[in-house]
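Asks: dropping a prediction and its sequence here:
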Amino acid sequence: MESKRSEDSDDIKIEKVIIKRQITLLHGVAIIVGIIIGSGIFVSPVGILKEVKSVGFSLVMWVLCGIYNTLCAICYAELGTTIPESGGEYIYIKRAFGDIPAFICLWINFLLICPVGIAASALIFSLYILKPVFPDCDIPEEGLALIAACIFCLLIAVNCHDVKWAAKVQVVITASKLIALAIIIIIGMYYIIGKGETENFQNAFEGSDYRAGAIAISFYSGFWAYSGWSYLNFLVGELVEPNKNLPRAIMISMTLVIVTYLIANVAYLGVLSPGEMLQSPAVAVTFGERTMGIMAWLMPVLIALSVTGTMNGTALSMSRLFFVGAQNKQFPTFMSMIDMKRMTPSPSLLVILLLTMLYVSSKDIFFLIEMEGFGFASVLTMVFAGQVYLRYKEPSIPRPIRVHIALPISLFLISLGIVILTFYQKPKESFMALGLVAIGLFLYFIGTWKQKPKEITDKINSFNILIQKLLIVIPPDNADEVDWE
């Protein structure tokens, strides 16, 4: 973001606060790859294998999840270039269905996707950092939570300071995670091709669980591993030449990730048996201990950096979503403000920090992954329904990228089916998530109550002023009145 100065008829200089387009194609690819290749490839192999029960079917699920997420990304490319505003899926649902469905999307991201995903990533970061220190015993839960909290506080500080710093950090972290994956792939291929370790691939589909419920739950581990492709849409307002760079960034990133994931899973299975993978709390660390000798310490360090990229990219992108939601008066006003000096949405970033700290106390990483997956599938269902409806509601709107209508219809049906199957397979988690959405709707109707008593209005205004003074933040100028650079 930046400040610009304009001059009125009385030669009085007025400072305008606007968002500047400064995220390039390289930054865009780094942000997407940096978010996607995080904890997923180092954790999700266990989650998918646990559900589908066989090596062959787990590899098929990796490909299917990759294809599904790529098709979703193509649909998002149409939406992102048709409605080139920061805010991503929240803006698309609002354009199609109005305020209440848009708020549900915002609330799901606020409670079930953003902080839950970051908390799981932070705990995985701690797990990989601390596992070499506690090789033969359980890691103290307090230590896990403390390290997780510290690393995310550092990332929030970077994002509050400067968006360029956050983007540069993402480029460096992306390089580290690609190095970690390259090591796994090279070693794994040596074991398979050079040493002939192929017994794990014999009778690859034996014992497969083809039940629809098992497939749906395994999709959540796939969602986790591939999640991140949609986050660049939240930053469209800051992306240079979005009509060209958004689809390019999505396609480059997804192709790179799918190929890398499939080869990495094959490499894992060239060294570790399915049973060893299921018993390992940190698959890549076990892989490194088995193959890297005295250099085994390098693997957890590189993976921890990789997970940091997921947290950094999520905070960078999601803070813009909540910022836009507050500008649309669906979140508290102070979340629509930006730092007066650094021009970053620091109030939204700090709210993400507080929510994440609450979830970090959780002991079950896979529970967090499944909760986030349910929320994400629910949002996708609304997005694709909205995309189909917009074709009839606004048929003449310019669409620089236009997909066949059959694609969003198919993705809507698949996403809806996954949500429905989850209620059957995981009723406790599903109804818990549904209850959180109901609480959000209750708060929405209270927040949009126009005839609030003066005492309540005064207290809300006083609180917003207090936040402004504490954080030195101000409301941005209306972006619609500004020529984007």
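Replies: Nice, thanks for sending it over. Residues are numbered from 1 along each chain as shown.
Asks: can you tell me how far residue 68 sits from residue 250?
Replies: Distance of residue 68 to residue 250, computed by CB to CB, to the nearest Å: 14 Å. C-beta here means a position set from N, CA and C on the backbone, and glycine is covered the same way.
Asks: out of these two, which sits in the more crowded spot?
Replies: Ranked by neighbour count (other CB atoms under 10 Å), residue 68 and residue 250 place residue 250 first, with 24 against 20.
Asks: so what's that one up against?
Replies: 32, 73, 74, 76, 77, 229, 232 (CB atoms under 8 Å, 6 or more residues apart in numbering).
Asks: now, these that are in helices?
Replies: Judged by DSSP state H, the subset of those located in helices is 32, 73, 74, 76, 77.
Asks: what sits against the second one?
Replies: Spelled out, that is residue 73. Taking CB under 8 Å, 6+ apart, one finds 229, 230, 250, 251, 254 in contact with residue 73.
Asks: contact partners for residue 472?
Replies: By CB under 8 Å, 6+ apart, the neighbours of residue 472 are 339, 340, 341.
Asks: with neighbour count added, can I get those residues in a markdown table?
Replies: Formatted as a markdown table, the contacts of residue 472 follow (neighbours: other CB atoms under 10 Å):
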| residue | neighbour count |
| --- | --- |
| 339 | 20 |
| 340 | 15 |
| 341 | 10 |
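Asks: in TSV, list those along with secondary structure and distance to residue 443.
Replies: TSV is the format used below for the contacts of residue 472 (DSSP: H, G, I helix; E, B strand; the rest coil; distance: CB to CB, whole Å):
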residue	secondary structure	distance to residue 443
339	strand	26
340	coil	29
341	coil	32
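Asks: so can I have a markdown table of the ones in helices among the contacts of residue 250 showing distance to residue 116?
Replies: Output for the ones in helices among the contacts of residue 250, formatted as a markdown table (distance: CB to CB, whole Å):
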| residue | distance to residue 116 |
| --- | --- |
| 32 | 20 |
| 73 | 22 |
| 74 | 26 |
| 76 | 21 |
| 77 | 26 |
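Asks: tell me how many other residues surround residue 327.
Replies: Residue 327, neighbours per other CB under 10 Å, totals 19.
Asks: no wait, residue 197
Replies: Residue 197 has 15 nearby residues by other CB under 10 Å.
Asks: quick one: contacts for it?
Replies: 191, 270, 271.
Asks: hmm, 6 Å instead?
Replies: For residue 197, the contact set (CB atoms under 6 Å, 6 or more residues apart in numbering) comprises 191, 270.
Asks: tell me which element it is part of?
Replies: Using DSSP states H and E, residue 197 maps to neither a helix nor a strand.
Asks: backbone dihedrals for it, please?
Replies: Dihedral angles of residue 197 (phi, psi; degrees, to the nearest 10) stand at phi -80, psi 90.
Asks: so how far is residue 204 from it?
Replies: 14 Å.
Asks: could you pull out the helices for the stretch 51-200 of the chain?
Replies: With DSSP state H, counting those that start in this stretch as the criterion, the stretch 51-200 of the chain has helices at 55-82, 89-97, 99-108, 114-130, 141-161, 163-189.
Asks: distance to residue 216 added to the ones you listed, as a markdown table?
Replies: Output for those, formatted as a markdown table (distance: least, CB to CB, whole Å):
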| stretch | distance to residue 216 |
| --- | --- |
| helix 55-82 | 11 |
| helix 89-97 | 21 |
| helix 99-108 | 18 |
| helix 114-130 | 19 |
| helix 141-161 | 29 |
| helix 163-189 | 27 |
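Asks: so which of the ones you listed is nearest residue 258?
Replies: helix 55-82 (3.7 Å; CB to CB).
Asks: quick one: the closest one to helix 89-97, angle?
Replies: Helix 55-82 runs at 70 degrees relative to helix 89-97, counting by axes from the mean of the first three to the mean of the last three CA atoms, to 10 degrees.
Asks: would you mind listing the buried residues in helix 55-82?
Replies: 55, 57-62, 65-66, 68-82 (16 or more other CB atoms under 10 Å).
Asks: now swap in stretch 320-332 and tell me
Replies: By 16+ other CB under 10 Å, the buried positions in stretch 320-332 come out as 320, 321, 322, 323, 324, 325, 326, 327, 328, 330, 331, 332.
Asks: between the contacts of residue 250, which is nearest residue 293?
Replies: For the contacts of residue 250, the nearest to residue 293 is residue 32 (34.2 Å; CB to CB).
Asks: got the contact list for residue 77?
Replies: 246, 247, 250, 401.
Asks: change it to 8 Å
Replies: By CB under 8 Å, 6+ apart, the contact set of residue 77 is 246, 247, 250, 251, 401.
Asks: if you rank these by neighbours, which is first?
Replies: residue 246 (27 neighbours).
Asks: hang on, that residue packs against residue 83?
Replies: No: at 11.4 Å, residue 246 does not count as touching residue 83 under the criterion of CB atoms under 8 Å.
Asks: just checking, which of the contacts of residue 77 belong to helices?
Replies: Those of the contacts of residue 77 lying in helices (DSSP H): 246, 247, 250, 251.
Asks: report pLDDT for the residue lying closest to residue 339 once chain neighbours are set aside.
Replies: Excluding the flanking residues, the one nearest residue 339 by CB to CB, 6 or more residues apart in numbering is residue 346, at 4.7 Å. The per-residue pLDDT reported for residue 346 equals 82.
Asks: now the helices of the stretch 51-200 of the chain in JSON lines, with mean pLDDT and distance to residue 425?
Replies: Output for those, formatted as JSON lines (pLDDT from 0 to 100; distance: least, CB to CB, whole Å):
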{"stretch": "helix 55-82", "mean pLDDT": "87", "distance to residue 425": "15"}
{"stretch": "helix 89-97", "mean pLDDT": "89", "distance to residue 425": "25"}
{"stretch": "helix 99-108", "mean pLDDT": "88", "distance to residue 425": "19"}
{"stretch": "helix 114-130", "mean pLDDT": "83", "distance to residue 425": "19"}
{"stretch": "helix 141-161", "mean pLDDT": "82", "distance to residue 425": "28"}
{"stretch": "helix 163-189", "mean pLDDT": "76", "distance to residue 425": "31"}
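Asks: highest average neighbour count across these?
Replies: helix 114-130 (a mean of 26; mean count of other CB atoms under 10 Å).
Asks: what segments of the stretch 201-350 of the chain are helices?
Replies: 212-226, 242-271, 274-279, 283-291, 298-327, 346-360.
Asks: among the ones you listed, which comes closest to residue 370?
Replies: Per CB to CB, nearest to residue 370 of the helices of the stretch 201-350 of the chain: helix 212-226, 5.2 Å.
Asks: does residue 90 touch residue 102 like I think?
Replies: Yes: judged on CB under 8 Å, residue 90 makes contact with residue 102 at a distance of 5.6 Å.
Asks: need the overlap of contacts for these two.
Replies: The contact lists of residue 90 and residue 102 share no entry, where a contact means CB under 8 Å, 6+ apart.
Asks: who's in contact with residue 374?
Replies: 112, 220, 419, 422, 426, 429, 430, 433.
Asks: oh, I was asking about residue 106
Replies: Counted by CB under 8 Å, 6+ apart, residue 106 has contacts 90, 321, 322, 325, 330, 331.
Asks: from the ones in helices among the contacts of residue 77, which is closest to residue 376?
Replies: Nearest member of the ones in helices among the contacts of residue 77 to residue 376, counting by CB to CB, is residue 250, at 16.6 Å.
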